[in-house]
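Chemist: any chance you can model this:
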Amino acid sequence: MKDFFDNDDDNEFDGEDEFLNFVNKQHEDRMKFHKNLFIHDVEKFSFQRIPLEPYECEQIFEGVFTDEDMNILTQVLVRDYMKWWDNEKSLIFEKWGLSWVSELLEYNVRKEEYELCHIFKQIMESGKKYFKGSLKEKV
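Modeler: Numbers count the residues shown, from 1 in each chain. Sure, this is the predicted structure:
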């Protein structure tokens, strides 16, 4: 009787390279899944502060966001702007921070979406005043 573990015929991979490709693909899929969860949370939890800075996302998710990802984040920021700008500007500043607004501003400049760039620049200028004022209050 042949031992179960000695049977090499059932080997799923034909070589080490194929196995490494499989592992790398699994890792890439996992990173994409986690990135999509992050974007989902930003979209669905309106009052929750974004826990990661853009550079942290690049490190954690091992790469930059795709155009589709940035378009979703842009639309979420526009939605928050429409909802809060007239009454609760501080909610925008506290959720997005200046680094995300700056990142989305740069992205939309490259896309030549100048109407959105104007809105994001307005958020940046008001946000700088907001954070400068909040620092003075703490001191």
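
Chemist: can you pull the contacts of Phe65?
Modeler: Applying C-beta atoms under 8 Å, 6 or more residues apart in numbering, we find Phe65 in contact with 35, 57, 73. Glycine gets a C-beta too; all of them are placed from N, C-alpha and C.

Chemist: using the three-state scheme, assign it.
Modeler: Reduced to three states with DSSP: H, G, I helix; E, B strand; the rest coil, the structure at Phe65 is coil.

Chemist: separation between it and Leu77?
Modeler: 13 Å (C-beta to C-beta, to the nearest Å).

Chemist: which secondary structure elements does the longest helix seen in the chain sit against?
Modeler: Counting by DSSP state H, the longest helix found in the chain is helix 16-44. The contact analysis (3 or more C-beta pairs under 8 Å, 6 or more residues apart in numbering; DSSP states H and E) places helix 16-44 against helix 54-60, helix 67-84.
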